[in-house]
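Novice: sharing a model that was predicted from the sequence below.
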Amino acid sequence: MSSPAPVFVSSEAAEEVFSWREAIDAVAESYATAPVRSALPPRTVGADDGAWLRTLPALPPGRRYFGAKLMGMTTTGADPGAEYVIVLFDRETSSIAAFVDGNRVTAYRTAATSAAALDRLAPPGPLRLGVLGSGLEAAMHVRAFAAVRPVEHIKVFSPRPERREAFAADLGAQAVAAPEAAVSDAGVVLAAARSYAEKPILFGDWLAPATTVVSIGSTVPSQREIDVSVVAACDLIVCDDVDEVAEQTGDMLEAGRGGTEFRSRMFSLHQLLAGELDDRLAGPRRPLYKSVGGGLQDVIVAEVVLRKALEAGLATPLPIEFEKKR
């Protein structure tokens, strides 16, 4: 008996069917069920002569699909740039089920995961949000946060006035001319923009007491986003991948070089969402959620998108068949 032909889900189809609430709930459930390390094989990165390839695999426990996101980029040739594809395998048929354009899903999954963390870390009630950055990731995060909490007020800063004004008009925010003005009275600060020249864009003495910080812009050793003073000021640091955040992000590497001890304050997103940190969350705190992204997030959100695209008739069947080795 042959398996169904695989399908392709475009970014346009993903956007049409996407649900923040469903994506956030799926991510939260998967992280709360304690994915074992075997479900999260390490990512790989290769580079050679202007070509770059990254793979992020995942086998989410208890879910129908597993697979990997592949990111390929060239810096040479006629049309340099990057493309992303998420390949999903079906546990029920042992076949390739789908190819999902990963560009928009990447933004969805990062924001959905941050929102799942924020909903546990931030005190109850509406959010006063300060945003540093005005790109796609910043916009997606605001929408994801609004799916889990009412948003009372948003201030946004980014270096280019036209970009922050457009962001403000699109999302009902107030554009401000300095980063301190965006975050000084915020209950939640979103750092979603790497700085020019890789210098920090957020400092600890800007933060009000009990501010929750979400930082997503520094994911490799060369990148900087938050200052060492932010790491020092936060008494609870939650990470989607503790070891990778500690050992592979420029922010934490710089904090370590400067003598700031942070490992004793670092905990996993699984611990947060499984309720293991509830006692720590009961008292005064200034938490930081630090994200590097991961294949688990890609595969979970791609599965949500695939299911809804199939239901809506927006997944394109491919006229191909793979030979199965038995």
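Specialist: Sure thing, it's come through.

Novice: could I get the pLDDT score of residue 149?
Specialist: Looking at residue 149, its pLDDT is 97.

Novice: that one reaches residue 121, doesn't it?
Specialist: No. Applying C-beta atoms under 8 Å, one finds residue 149 not in contact with residue 121, separated by 11.2 Å. From N, CA and C alone the C-beta is placed, and that goes for glycine too.

Novice: pick out whichever of those two has more residues nearby.
Specialist: When residue 149 and residue 121 are compared for neighbours, residue 121 comes out ahead with 21 against 17, by other C-beta atoms under 10 Å.

Novice: where does the stretch 151-300 of the chain dip in pLDDT?
Specialist: 194-197, 284 (pLDDT under 70).

Novice: which residues in it form strands?
Specialist: With DSSP state E, counting those that start in this stretch as the criterion, the stretch 151-300 of the chain has strands at 151-157, 174-175, 188-191, 212-215, 236-239, 266-268, 287-290.

Novice: turn those into CSV, columns for mean neighbour count and distance to residue 19.
Specialist: CSV is the format used below for these (neighbours: other C-beta atoms under 10 Å; distance: least, C-beta to C-beta, whole Å):
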stretch, mean neighbour count, distance to residue 19
strand 151-157, 20, 18
strand 174-175, 17, 28
strand 188-191, 28, 21
strand 212-215, 26, 21
strand 236-239, 23, 24
strand 266-268, 18, 26
strand 287-290, 28, 22
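
Novice: now those in JSON lines, with distance to residue 206?
Specialist: Shown next, in JSON lines, are these (distance: least, C-beta to C-beta, whole Å):
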{"stretch": "strand 151-157", "distance to residue 206": "11"}
{"stretch": "strand 174-175", "distance to residue 206": "17"}
{"stretch": "strand 188-191", "distance to residue 206": "8"}
{"stretch": "strand 212-215", "distance to residue 206": "10"}
{"stretch": "strand 236-239", "distance to residue 206": "18"}
{"stretch": "strand 266-268", "distance to residue 206": "22"}
{"stretch": "strand 287-290", "distance to residue 206": "14"}
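
Novice: of those, give the one that comes closest to residue 321.
Specialist: strand 266-268 (40.5 Å; C-beta to C-beta).

Novice: so what's the residue count around residue 52?
Specialist: By other C-beta under 10 Å, the residues close to residue 52 number 14.

Novice: ok, it - contacts?
Specialist: Residue 52 makes contacts with 45-46, 71-75, 82, as judged by C-beta atoms under 8 Å, 6 or more residues apart in numbering.

Novice: now do residue 31
Specialist: Applying C-beta under 8 Å, 6+ apart, the residues contacting residue 31 are 113, 116, 240, 269-270, 273-274, 296.

Novice: got it, and residue 182?
Specialist: Contacts of residue 182 (C-beta under 8 Å, 6+ apart): 130-132, 155-157, 176, 189.

Novice: nearest to residue 308 among the residues you listed?
Specialist: Distances from residue 308 to those, taken by C-beta to C-beta, are shortest for residue 131, at 28.1 Å.
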